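**Student:** sequence-free structure coming up:
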């Protein structure tokens, strides 16, 4: 992984995502990607519109500057527009 999220790596078994300080969608993307051997966190599941700002805030807080989105259920055009409005630069 290009980014190590220490809060997740140091979490104790049974801790909730709120206790870890990480949005659960970002946490799942990180763990899935780490297990798969990806360099970047990959959002392969649904990303709900109302979660985008919280996910991006946690990315900033935890030092994640890049990620991929492969979910076919997400509204990619909406997410790209939203990322640009939040000072993220989506690629292709």
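**Tutor:** Great, that's in hand. Keep in mind the model is a prediction, meaning the values are calculated, not measured.

**Student:** tally of neighbours for residue 42?
**Tutor:** 17 (other Cβ atoms under 10 Å). Glycine gets a C-beta too; all of them are placed from N, C-alpha and C.

**Student:** ah, wrong one, I meant residue 11
**Tutor:** Residue 11 is surrounded by 17 other residues when neighbours are defined as other Cβ under 10 Å.

**Student:** contact partners for the closest residue to residue 66 other than its chain neighbours?
**Tutor:** Of all residues beyond its chain neighbours, the one nearest residue 66 is residue 40 (5.2 Å), with distances taken as Cβ to Cβ, 6 or more residues apart in numbering. Residues near residue 40 by Cβ atoms under 8 Å, 6 or more residues apart in numbering: 1, 2, 3, 33, 66, 67, 68.

**Student:** mind checking pLDDT for the nearest residue to the first one once chain neighbours are set aside?
**Tutor:** Yep, that's residue 1 we're talking about. Closest residue to residue 1 in three dimensions, ignoring its sequence neighbours and counting by Cβ to Cβ, 6+ apart: residue 34, at 5.3 Å. Note for residue 34: predicted pLDDT of 95.

**Student:** tell me what the helix or strand where residue 34 lies is packed against?
**Tutor:** When elements are assigned from DSSP states H and E, residue 34 belongs to helix 24-36. Contacts of helix 24-36 with other secondary structure elements, assessed using 3 or more Cβ pairs under 8 Å, 6 or more residues apart in numbering; DSSP states H and E, are made with helix 6-9, helix 17-20, strand 42-43, helix 52-62.

**Student:** and those, which is most packed in?
**Tutor:** Compared across those, strand 42-43 shows the largest average neighbour count, a mean of 20 (mean count of other Cβ atoms under 10 Å).

**Student:** how far away is the residue most central in space within the chain from residue 68?
**Tutor:** The centroid of the chain falls nearest to residue 26 when counting by Cα atoms, centre = their mean (3.2 Å). When Cβ to Cβ, to the nearest Å is applied, the distance between residue 26 and residue 68 equals 13 Å.

**Student:** shared neighbours, those two?
**Tutor:** Contact criterion Cβ under 8 Å, 6+ apart; residues bridging residue 26 and residue 68 by contacting each: residue 41.
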